[in-house]
Each structure stands twice: as structure tokens, then as C-alpha cells.
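1. The sequence and its predicted three-dimensional model are supplied below.
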Amino acid sequence: MMKSLFLAWQDPLSRNWFPVGRLLYDGLEYVFFYTKGAKASENFKPFGVMNNLEQVYFSTDIFPLFGNRIIQKNRPEYFDFLKWIDLNESEAEPIVILERTGGKRETDTLAIFPEPRRTAENQYIMAFFVNGIKYLTPETINRIDSLNVGERLFLLKDVQNKHDAFSLVMRTDAPATLVGYCPRYLNEDFNWLLNNVNHNSIQVTVKRINNDAPLQLKLLCELTSTWPIDFHPCSAEIYQPISIQASEIINRNFYHK
């Protein structure tokens, strides 16, 4: 099955995020191309040798832009890392690791996220690490450490957030404690679901707590929701490929099977 990830870039001046590229993998070959979000900011510059916005790039190895965001197998903490992201060794393909972690670095303007796909049970399922924990108080971080796998969390709209109109805060039940933010690249879809789906059909649960991991890998959650018939995530114009060839590849692999 073809796997698909989007690459988001943050404009250093406006602080706005744009989907600027897409990575596909069919088990044999990686394909990368730029999306129309790459033309939405005059400050965006192409990545390294992939400097043509109109071209489609192919490789049997993962592109360095993405490979450099994956921990190497010879690192002593590699198996701890797989535990933190809830993968076993046989599942740990590069694109699966990127899908789970977002490939995020501490001071970075890039983020990687998977294209949502409807399950056979007509569900939307997205696993993600909670953001912003480093800004919380030690007491709140201790509260995160005491969470239980399967415990339900709740989404709150942070409507006065000046950086992101779709910002979502996460909280526990009783006692109510803020435990961080949803990743920005998921906020628009999550807001759409909150506005259009019965709230009882949307569940956010704790999937894993990593007390010994870096804070960005501390709290792994999962959102599940019914998939409404009119829900079309990542369908805006800025997500569409610039290249006609890339459009043909997408249609051939996702829609004409």
C-alpha cells in the first residue's frame, strides 16, 4: 500500500505554516514533489538539490531531507526510541517513523504529517505526540507522568491564540489540567471534526507515556472519530501538487485501483 506524508514549512517572518511538499513510498521507491503551498510564501526556498518546484524526484533510498530526521540504528538509544514511539523493530521503516514522530527537531521550521486515510470501519484515526510540554510547569508535567494508558483527554479551542486561529489545547478530566497542544498541522482537521461530528464520536486517549524520553516524545495520544461523508482532509489547493506528473502519480496509486 502506498504511504503518503506531507511536509509543512513555517515562514520565519509571518510564522504561518504551509504544506510545501509530499513524500510517497510504495515499498520500493520514494517519490517527492512540491505542493502549491510552496508558492504561497515568497520567503520559501526549495530544499538543497531538489531545487526545481516543477520536478518530481525519485529514489530507492529515502531522501536526505527526511532521512536526516530519523535516528540511526547504531545509536545506543535506538531501541528506547522505538519503545517511545510504540513501534517494534519490524515496523520501523523510515516512513513509518516519520509518520509517528513528525520528524520534528527542537528549533525547526519543518514538520511531517501523514495524509489521513479512511479505515475500513469508516473511521478517522490519528496518533500524535502532544506539543508544548516544555512550556508547562513541573507540577503539570508530573500530572502527565501520572496519566494512564487509555485515559481520555479533551480538546479545547484556544480561540484567542494569536499564532494559530485553529489552536487546540488538551486537558485531563477531573481534576482538569492542561497537558499541552495538538500539533498545529492537525488543528484544522480536528476543528472541522469538532464542528461537524457528534462530540461523543470523537475520542482522544492516551496511547503511551514515556517518562524517560525527551519532552517532545513524552505523551503519545490517539484521536478517533467517525468519518463524515463530506470530510475531505488535506484537500485545499495548497495541498495539491505543482507538477502535472505528480498529479498523475497520485491518481494512479490512490484513485484508480
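-> Arrived safely. Because the structure is predicted, anything quoted here is derived from the model rather than measured.
2. Can you show me the strands along the chain?
-> 3-10, 17-25, 30-34, 56-59, 110-114, 123-129, 152-157, 168-171, 178-181, 203-209, 219-226 (DSSP state E).
3. which of those strands has the lowest average pLDDT?
-> Set side by side, the strands of the chain give their lowest mean pLDDT on strand 110-114, at a mean of 88.
4. okay if I get the strands of the chain as JSON lines plus distance to residue 245 and mean neighbour count?
-> Any C-beta I mention is one placed from the backbone N, CA and C, and that applies to glycine too. Converted to JSON lines, these look like this (distance: least, C-beta to C-beta, whole Å; neighbours: other C-beta atoms under 10 Å):
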{"stretch": "strand 3-10", "distance to residue 245": "16", "mean neighbour count": "20"}
{"stretch": "strand 17-25", "distance to residue 245": "12", "mean neighbour count": "23"}
{"stretch": "strand 30-34", "distance to residue 245": "8", "mean neighbour count": "23"}
{"stretch": "strand 56-59", "distance to residue 245": "5", "mean neighbour count": "16"}
{"stretch": "strand 110-114", "distance to residue 245": "22", "mean neighbour count": "21"}
{"stretch": "strand 123-129", "distance to residue 245": "29", "mean neighbour count": "19"}
{"stretch": "strand 152-157", "distance to residue 245": "39", "mean neighbour count": "16"}
{"stretch": "strand 168-171", "distance to residue 245": "36", "mean neighbour count": "18"}
{"stretch": "strand 178-181", "distance to residue 245": "37", "mean neighbour count": "20"}
{"stretch": "strand 203-209", "distance to residue 245": "38", "mean neighbour count": "17"}
{"stretch": "strand 219-226", "distance to residue 245": "34", "mean neighbour count": "20"}
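5. and the ones you listed as a markdown table, adding distance to residue 141?
-> Shown next, in a markdown table, are these (distance: least, C-beta to C-beta, whole Å):
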| stretch | distance to residue 141 |
| --- | --- |
| strand 3-10 | 25 |
| strand 17-25 | 26 |
| strand 30-34 | 37 |
| strand 56-59 | 40 |
| strand 110-114 | 23 |
| strand 123-129 | 14 |
| strand 152-157 | 15 |
| strand 168-171 | 14 |
| strand 178-181 | 9 |
| strand 203-209 | 11 |
| strand 219-226 | 10 |
